[in-house]
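1. coords please:
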Amino acid sequence: MIYNRSVNILVARTSEEIEFAFEKLSASKIIGCDTETSGLSAKYGRLFSIQFSDGDFNALVPISEGVQLGKLGAIFEDAAIIKIFHNAKFDLDFLRENGYSVHNVFDTMIAEKVLTRGANQSASLAETLYRYFAVDLDKSQRAKFNRSWNGIWTEELVDYALSDVVYLPQLMGEQNQWIEKLGLRNVYTEQIAKMYSQFLTNGDRRDVLP
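-> Purely as a prediction, here's the structure:
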C-alpha cells in the first residue's frame with residue numbers, strides 16, 4: 001500500500017483498502033474522477049487505473065495490476081454524488097467498456113467551453129487549471145502509459161495520475177459560480193445532456209445531471 005498521510009494519497013490494492021477508500025469518499029457529495037488508459041480507443045485500449053478525489057482524500061485503483069474496483073464502483077452509480085470529469089466522454093467510454101455505469105456527471109471541460117465561448121482559449125485541463133489556480137501540470141509521465149508499460153505503479157506515476165483529479169472539486173465550484181453569474185446554466189445543462197445522452201439507461205435526466 002502507498003498511503004501518504006500528509007497529502008492523503010491511497011493506492012488501494014486490497015479489499016480492505018478499497019473499503020477504506022469507499023468509506024472516505026462515499027461521504028462526499030462531489031468527487032473528482034479520472035482514468036489512465038493505454039490509448040484513445042475504449043474498444044481497443046486498456047484501462048490502467050481509476051482515480052478519485054474529494055479535494056482532500058485521493059485514491060487510485062491500479063487496474064493494470066489486476067485490482068478490481070470492488071465497492072468503489074457503487075460511487076459511480078450513486079446519483080446523489082456528483083462525479084466530476086474533465087472531458088467526461090473519454091472516461092465514460094472506457095468505464096462503460098469495462099462494465100461501469102456512471103450517473104450524475106459534471107464535465108469541467110464542457111463548463112470551460114461554455115464559459116470561454118468565443119474567447120479563443122484552450123479548454124484543456126492544464127491550461128484551465130493554470131488560469132484558475134496558477135497550477136502548472138507536468139505531463140511528462142503520460143508517455144509511459146502505452147501498450148509496452150509493465151503496469152506497475154511507481155510513486156511518480158501515482159502523483160502524475162492524481163494531479164489531474166485533485167483540483168476538480170475546487171474547479172467545479174469556481175466554474176459553477178461563473179456559470180451562475182453569467183446566466184449560462186441552461187447552456188451548460190444542454191451541452192452536458194447532449195454529451196451524456198448516449199449513456200442514459202432510463203431516460204430520466206434528473207437522475208444523472210447535477
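
2. CA atoms for contacts and neighbours, from now on please.
-> Fine.

3. For the residue nearest to the spatial centre of the chain, what is the enclosing helix or strand?
-> The chain has residue 33 as the residue nearest its centroid, 2.1 Å off, counting by CA atoms, centre = their mean. Assigned by DSSP states H and E, residue 33 falls within strand 30-37.

4. Show me what that strand is packed against.
-> strand 47-53, strand 82-85, helix 168-181 (3 or more CA pairs under 8 Å, 6 or more residues apart in numbering; DSSP states H and E).

5. Kindly state which of the ones you listed is positioned closest to residue 144.
-> Smallest distance to residue 144 across the helices and strands packed on strand 30-37 (CA to CA): 11.4 Å, for strand 47-53.

6. ok now the closest one, how far from the chain's centre?
-> On the basis of CA atoms, centre = their mean, to the nearest Å, strand 47-53 sits 8 Å off its chain's mean C-alpha point.

7. Same question for stretch 102-110.
-> 9 Å.

8. Residues contacting it, please?
-> 76-88, 92, 123-125, 168, 171-172, 175, 188, 191-192, 207-210 (CA atoms under 8 Å, 6 or more residues apart in numbering).

9. Return the members of those residues classed as buried.
-> 76-88, 92, 123, 125, 168, 171-172, 175, 188, 191-192, 208-210 (16 or more other CA atoms under 10 Å).

10. mind listing the helices for the chain?
-> With helices called from DSSP state H, the chain shows them at 15-25, 73-77, 88-97, 108-115, 125-133, 155-163, 168-181, 185-196.

11. ok, residue 101 to residue 168 distance?
-> Using CA to CA, to the nearest Å, residue 101 is found at 20 Å from residue 168.

12. Could you pull up the residues touching the closest residue to residue 51 other than its chain neighbours?
-> Closest residue in space to residue 51, ignoring its immediate chain neighbours: residue 60 at 4.4 Å, by CA to CA, 6 or more residues apart in numbering. For residue 60, the contacting residues are 9-12, 49-52, 158, 162, by CA under 8 Å, 6+ apart.

13. cool, and residue 31?
-> 25, 52-55, 81-84, 168-169.

14. For those residues, could you give me TSV that also reports distance to residue 97 and pLDDT?
-> Formatted as TSV, the contacts of residue 31 follow (distance: CA to CA, whole Å; pLDDT from 0 to 100):
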residue	distance to residue 97	pLDDT
25	24	97
52	19	98
53	22	97
54	25	96
55	27	93
81	22	98
82	21	97
83	18	98
84	19	98
168	24	97
169	25	97
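
15. Pick the one among those closest to residue 111.
-> residue 84 (10.9 Å).

16. For the closest one, give the beta-bridge partners.
-> Bridge pairing for residue 84 (DSSP bridges) gives the partners residue 32, residue 106.

17. Now do the same contact list for it.
-> 30-33, 105-108, 168-169, 172 are the contacts of residue 84 under CA under 8 Å, 6+ apart.
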